[in-house]
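>>> okay, predicted coordinates and the sequence, questions at the end:
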Amino acid sequence: MGKVLGDVLGFAAGVAISPLPIIAVILILATPRGRLNGVLFTVGWLLGLSALGAVMLAIASPAGASGHHHPATWVGALKIALGVLLVAFGARQWHRRPRDPSQAQLPKWMGAMDRLSPGKVLGLGTALAALNAKNAPLTIAAGAAIGSAGLPVGQEIASLVIFVVIAALGLLAPLGVYLLGGERAETTLGNWKDWAAQHHVAVMAALFFVLGLKLLGDGISILTS
């Protein structure tokens, strides 16, 4: 289990560093129903990651691992494919980044945060977690790594839970600041939002490159060992 956690913690950290969802939860917290909707958005994020990871775990576990608990060949091929996808996304993001960070624009849907019902906020959190171009490949890779390692069911579930909790730290941090930070919370969250809004494209491009190369390296290692 320790080796599996070592494999997936990097993926979890990559999911946690998600500028747009962090900006989204900060905007949600600034609305009249900020406390309720902020919690629901974070719950949706946890549900999205858990569902996608569980589906991949259910697919990977019956396929099993190869001899001596070594990841199966298909896991290596999957990681290479996901790595190529992330590197391609990284190149696209880097090409689209604004030369002047102050000119960076947020997606138009973020302007509607104050009009979203609690149910839509929950659904938005779930969708951003499970369908994001960065989060989905990383969660799939984590589920495949856990499911193909030949662990007992209890350790598989525990590994997935640890992955999901770490992957949610990027949202849990602003939520914690809002709930516990008192009068300084608004200023702190505002500074975080402004920085993320200016640099989110470059941050995403760098993450795509780094995590894509990691997946490529992991996949090649599995196929050649």
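Sure, I can see it. Numbering: from 1, shown residues only.

>>> all the helices of the chain, residue numbers only.
2-16, 19-29, 34-63, 73-96, 118-130, 135-147, 153-167, 169-180, 185-224 (DSSP state H).

>>> nearest to residue 105, of these?
Closest to residue 105 of the helices of the chain is helix 185-224 (C-beta to C-beta; 8.6 Å). Any C-beta I mention is one placed from the backbone N, CA and C, and that applies to glycine too.

>>> and that closest one, what's its mean pLDDT?
Averaging pLDDT along helix 185-224 gives 84.

>>> quick check: buried residues in it?
Counting neighbours by 16 or more other C-beta atoms under 10 Å, one finds that the buried residues in helix 185-224 are 185, 189, 192-193, 196-209, 211-212, 214-216, 218-219, 222.

>>> quick one on the thing from earlier: so which of the helices of the chain is the most surrounded?
Of the helices of the chain, the one with the most neighbours on average (mean count of other C-beta atoms under 10 Å) is helix 135-147, at a mean of 26.

>>> give me every residue that touches the nearest residue in space to residue 169 that is not next to it in sequence.
Among residues not flanking residue 169 along the chain, residue 16 sits closest, at 4.6 Å (C-beta to C-beta, 6 or more residues apart in numbering). Going by C-beta atoms under 8 Å, 6 or more residues apart in numbering, residue 16 touches 166-170.

>>> so residue 39 sits against residue 176, correct?
No: with contact defined as C-beta atoms under 8 Å, residue 39 does not count as touching residue 176 (11.3 Å).

>>> of the contacts of residue 16, closest to residue 5?
Taking C-beta to C-beta as the measure, residue 5 lies nearest residue 166 of the contacts of residue 16, at 9.7 Å.

>>> relative to residue 162, how far out is the closest residue to that closest one other than its chain neighbours?
Closest residue to residue 166 in three dimensions, ignoring its sequence neighbours and counting by C-beta to C-beta, 6+ apart: residue 12, at 3.8 Å. Look at residue 12 and residue 162: by C-beta to C-beta, to the nearest Å, they are 8 Å apart.

>>> cool, residue 117 as well?
For residue 117 relative to residue 162 (C-beta to C-beta), the value is 32 Å.

>>> repeat that for residue 60.
For residue 60 relative to residue 162 (C-beta to C-beta), the value is 17 Å.

>>> report the contact partners of residue 160.
Shown in contact with residue 160 (C-beta under 8 Å, 6+ apart): 50, 53-54, 57, 142-143, 146.

>>> export these to CSV and tack on distance to residue 153?
CSV is the format used below for those (distance: C-beta to C-beta, whole Å):
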residue, distance to residue 153
50, 16
53, 14
54, 12
57, 10
142, 17
143, 14
146, 11
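
>>> mind putting those into CSV with pLDDT and distance to residue 88?
Shown next, in CSV, are these (pLDDT from 0 to 100; distance: C-beta to C-beta, whole Å):
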residue, pLDDT, distance to residue 88
50, 95, 27
53, 91, 23
54, 91, 27
57, 86, 26
142, 89, 20
143, 88, 21
146, 86, 25
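
>>> just name the closest of these to residue 92, please.
Ranked by distance to residue 92 (C-beta to C-beta), the contacts of residue 160 are led by residue 142 at 23.1 Å.

>>> that closest one touches residue 54, doesn't it?
No: using C-beta under 8 Å, residue 142 is not in contact with residue 54, being 11.2 Å away.

>>> ok, the closest residue to residue 78 other than its chain neighbours to residue 160 distance?
Nearest residue to residue 78 in three dimensions, chain neighbours excluded: residue 144, at 5.6 Å (C-beta to C-beta, 6+ apart). Separation of residue 144 from residue 160 (C-beta to C-beta) stands at 12 Å.
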